[in-house]
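Student: Okay, predicted coordinates and the sequence, questions at the end:
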Number of protein chains: 6
Amino acid sequence: MYSVQVRSHIMIAHSLPGEFFGPAARKHGATYVIDAELRRAELDSHNVVIDIGLALRLLGEIAESLSYHDLDDDPRFAGKLTTTEFLARFVHDELRERLGEAFDGTIRITLHESHVASASYEGGR
Amino acid sequence: MYSVQVRSHIMIAHSLPGEFFGPAARKHGATYVIDAELRRAELDSHNVVIDIGLALRLLGEIAESLSYHDLDDDPRFAGKLTTTEFLARFVHDELRERLGEAFDGTIRITLHESHVASASYEGGR
Amino acid sequence: MYSVQVRSHIMIAHSLPGEFFGPAARKHGATYVIDAELRRAELDSHNVVIDIGLALRLLGEIAESLSYHDLDDDPRFAGKLTTTEFLARFVHDELRERLGEAFDGTIRITLHESHVASASYEGGR
Amino acid sequence: MYSVQVRSHIMIAHSLPGEFFGPAARKHGATYVIDAELRRAELDSHNVVIDIGLALRLLGEIAESLSYHDLDDDPRFAGKLTTTEFLARFVHDELRERLGEAFDGTIRITLHESHVASASYEGGR
Amino acid sequence: MYSVQVRSHIMIAHSLPGEFFGPAARKHGATYVIDAELRRAELDSHNVVIDIGLALRLLGEIAESLSYHDLDDDPRFAGKLTTTEFLARFVHDELRERLGEAFDGTIRITLHESHVASASYEGGR
Amino acid sequence: MYSVQVRSHIMIAHSLPGEFFGPAARKHGATYVIDAELRRAELDSHNVVIDIGLALRLLGEIAESLSYHDLDDDPRFAGKLTTTEFLARFVHDELRERLGEAFDGTIRITLHESHVASASYEGGR
């Protein structure tokens, strides 16, 4: 099994309404350092899992579509609890869709929210 | 598959008797930076893998029960070789027990003993 | 010259009004991992720069007073541009004041806003 | 499942001929920080996955055989595209062979080529 | 004293002729993760040390002018020993020149060549 | 001003007697990741601050003389409080002495005791 991992980041505001989330129910924000790991059983004819330039460009586009936004006002997330886990899944789905036929393996997205906490979503095609 | 990861650390003394361990047979010590990764197939109704505050609190309690101890004098480890692998398993079992019904997924514990070495234990319920 | 460094973090929302800041003029947020370095020429009678437990507690109190806040709505920052540099200075001044007579050396505060950018403020008494 | 992870690094020159690789078709180089993770279902009688000293020594020998080389002139890689993925597999195979009977578990090799990109190969016996 | 720090990286080939450098006399290569720290006594009217976007863009341009090059064949370095220290100074001078009137403070450039070694150059105007 | 930085680590046991140190008065231990930064105003004829191989070898010798020891039983530290600050000074003095005429600049030693705390000593000749 081979994999490549690339990194980007976003800076967003949001709130997590509900008693469950304690102080995070208030409007606050986060830097999410995003790691995207792409896994496949075999390399292609160029000896790579994927064109790393393509992976970086697509992850960068997704980051740009999220960064410097207040997710509470973003129609994509209306009525959603934008937890770190949820956002990891969102980035996964966006990357999967943008890659399309270019990648048919497993994708694991990790969002580091601080030096002591992170969340991931991993999905196969 | 979703996961969350939280971090804590302990500072302990111990020795690893036996020729096999070379200089580590002498009384020495370690800082173990502990990563606990909790994995589940689905999110709960709050869009989380687990209440991250609960995970942090329980990992912190386990860390406190170990830190600033000489494991050679700790009855919990009498007659045991407290290798990094063994301690990763110990933290896993402690966290599993303290979580109880609150978490039924996979737990992976990693103990980083320096910038060049670590060990992990991963177990399902 | 001796120093000790301790780490905490905050998660905040804010905006930086003005064309100068580009997309950061919009409401967004950040995780700031905060390093506080305290420097003195000599150690005290306990062979330390400062009681590290005190330093951690005070930095934690400052972090708690900022974290999970929207700085745009915080009276402490009314009419201020809450850039990373400005916030580094704010944390410095707060830590200096809370330390009071307990520390008379140099304090350097660094706020890491991502894996590729940070800002610092350093001041002597 | 238990694992141990050890780290080493190499500094090499190479080129990746072909339009596909863009500027990397030119002679350039890389520091690869190498993580070797060794995984087994059970610990041995010493409560370890493997003699960590042996793992470090063997990984160090492989690193020494690669470091400060121009891979384009290395007969081991004649006619090969020495991508990060390919090199991760090469290190895996070398470590597997050198370990021989001493380790029968899974080995995962990760080569970090910068603070934003890495590649891995993972194989079982 | 305030500072901001931004990060980029380059991947280059080179050799360091002479017995002094041991195996590094051979053609090899390195990833240099580059940190540029810019320091000034006071903030400007935007509460920043410098337009961080400008600093990132200029550091990126310098990185692009070096990355994927064999420094042994680069006329800018003819007859020079391109040690990490030397390259830190080179990046400093390039950044100083490109910033021009936009920055009159101290610049410190650090090149990390691995997880265990780095070199820096720091200069005032 | 130029500098080079190299890294090593030690794993030791010790205790810090006295009410002041709270739970650290008990026998415990630490991994100290050690960074040695060597600074000089000018490079030598090889375009380096110092032979980095020499710096690594000497720092490694000092690490070996400390690692896997119980500092409470080490005659070098009889009657001393082996705080992180104190040990940073000790490593500085050892490195200064071993370098002798080979280095006449400033040396800064940092001991990282966890992911959230470190201490340094810096001295000129």
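Tutor: Done, it's in. Numbering: from 1, shown residues only, chains lettered A, B, ... in the order given.

Student: nearest spatial neighbour of A:Arg108, skipping sequence neighbours?
Tutor: Across the structure, with C-beta to C-beta, 6 or more residues apart in numbering or on different chains as the measure, the residue nearest A:Arg108 apart from its sequence neighbours is A:Glu122 (3.9 Å). C-beta: built from backbone N, CA, C; applies to glycine.

Student: how about A:Val4, what does it touch?
Tutor: The neighbours of A:Val4, taking C-beta atoms under 8 Å, 6 or more residues apart in numbering or on different chains as the test, are A:37-38, A:48-50, A:52, A:55, D:84-85, D:117-120.

Student: Now flag whichever of these is closest to chain F.
Tutor: Using C-beta to the nearest C-beta, D:Ser118 is the member of those that sits closest to chain F, with 19.7 Å.

Student: mind checking how far the closest one is from D:Leu87?
Tutor: As judged by C-beta to C-beta, to the nearest Å, D:Ser118 and D:Leu87 stand 11 Å apart.

Student: Mutual contacts of the two, please.
Tutor: Common contacts of D:Ser118 and D:Leu87, defined by C-beta under 8 Å, 6+ apart, comprise D:Leu111.

Student: Please say which of those two ends up with more neighbours.
Tutor: D:Leu87 (26 against 22; other C-beta atoms under 10 Å in any protein chain shown).

Student: these two touch, right, the more buried one and D:Tyr32?
Tutor: Yes: the pair formed by D:Leu87 and D:Tyr32 meets the contact definition of C-beta atoms under 8 Å, at 6.8 Å.

Student: Identify the residue spatially nearest to A:Arg76, adjacent ones excluded.
Tutor: Of all residues apart from its sequence neighbours, A:Phe90 sits closest to A:Arg76 (C-beta to C-beta, 6+ apart), at 7.9 Å.

Student: give me the element the one you found is part of.
Tutor: Under the criterion DSSP states H and E, the helix or strand holding A:Phe90 is helix A:84-99.

Student: phi, psi of the spatially closest residue to A:Ala55 that is not a sequence neighbour?
Tutor: Of all residues not flanking A:Ala55 in the chain, A:Val6 sits nearest, at 5.2 Å (C-beta to C-beta, 6+ apart). When read as degrees, to the nearest 10, the backbone of A:Val6 gives phi -130, psi 160.

Student: next one: the one 3 residues further on
Tutor: Backbone torsions of A:His9, given as degrees, to the nearest 10, read phi -160, psi 160.

Student: got the buried residues for stretch A:54-62?
Tutor: Neighbour-count burial for stretch A:54-62, counted by 16 or more other C-beta atoms under 10 Å in any protein chain shown, picks out A:55-56, A:58-59, A:62.

Student: right, and out of those residues, which lies closest to chain B?
Tutor: A:Ile62 (18.5 Å).

Student: Spatially nearest residue to the closest one (excluding sequence neighbours)?
Tutor: Leaving aside its sequence neighbours, A:Ile62 sits nearest to A:Glu94 (C-beta to C-beta, 6+ apart; 4.7 Å).

Student: now do A:Phe77
Tutor: Spatial nearest neighbour of A:Phe77, chain neighbours left out: A:Leu71 (5.1 Å); criterion: C-beta to C-beta, 6+ apart.

Student: Looks like the one you found contacts A:Ile10 (just checking).
Tutor: No: using C-beta under 8 Å, A:Leu71 makes no contact with A:Ile10, being 9.9 Å away.

Student: related to what we said a few turns ago, so how many other residues sit close to the residue nearest to A:Arg108?
Tutor: By other C-beta under 10 Å, 18 other residues sit near A:Glu122.

Student: now A:Gly100
Tutor: Applying other C-beta under 10 Å, we find 9 residues neighbouring A:Gly100.

Student: Need the pLDDT of it.
Tutor: On the pLDDT scale, A:Gly100 is placed at 95.

Student: Please name the nearest non-neighbouring residue to the residue most central in space within chain A.
Tutor: For chain A, the residue sitting closest to the mean C-alpha position, by C-alpha atoms, centre = their mean, is A:Val91 at 3.3 Å. By the measure of C-beta to C-beta, 6+ apart, the closest residue to A:Val91 outside its immediate chain neighbours is A:Ile109, 4.7 Å from it.

Student: do the same with A:Arg125
Tutor: Counting by C-beta to C-beta, 6+ apart, A:Arg125 lies nearest to A:Asp104, which is 5.2 Å off, once chain neighbours are set aside.

Student: doesn't A:Arg96 make contact with that neighbour?
Tutor: No: in this structure, A:Asp104 sits apart from A:Arg96 without contact. The criterion is C-beta under 8 Å, and the distance is 9.9 Å.

Student: all helices of chain A, in order?
Tutor: Listed in chain order, the helices of chain A (DSSP state H) span A:52-66, A:84-99.

Student: Next, the contact list for the residue nearest to A:Ala55, please.
Tutor: With C-beta under 8 Å, 6+ apart as the criterion, the residues that contact A:Val6 are A:35-36, A:52, A:55-56, A:59, D:116-117.

Student: cool, A:Ala55 as well?
Tutor: By C-beta under 8 Å, 6+ apart, the residues touching A:Ala55 are A:4, A:6, A:36, A:38, A:99.

Student: how about 7 Å then?
Tutor: Going by C-beta atoms under 7 Å, 6 or more residues apart in numbering or on different chains, A:Ala55 touches A:4, A:6, A:36, A:38.

Student: any idea of the pLDDT on it?
Tutor: pLDDT recorded at A:Ala55 is 96.

Student: Repeat that for the one 10 residues further on.
Tutor: At A:Ser65 the predicted local confidence, pLDDT, stands at 98.

Student: wait, what's in contact with it?
Tutor: Counting by C-beta under 7 Å, 6+ apart, A:Ser65 makes contact with nothing.

Student: Now with 10 Å, please.
Tutor: Contact analysis of A:Ser65 by C-beta atoms under 10 Å, 6 or more residues apart in numbering or on different chains lists A:10, A:74, A:76, A:94.

Student: most neighbours, which of those residues?
Tutor: Greatest neighbour count in the contacts of A:Ser65, by other C-beta under 10 Å, goes to A:Ile10: 24 neighbours.
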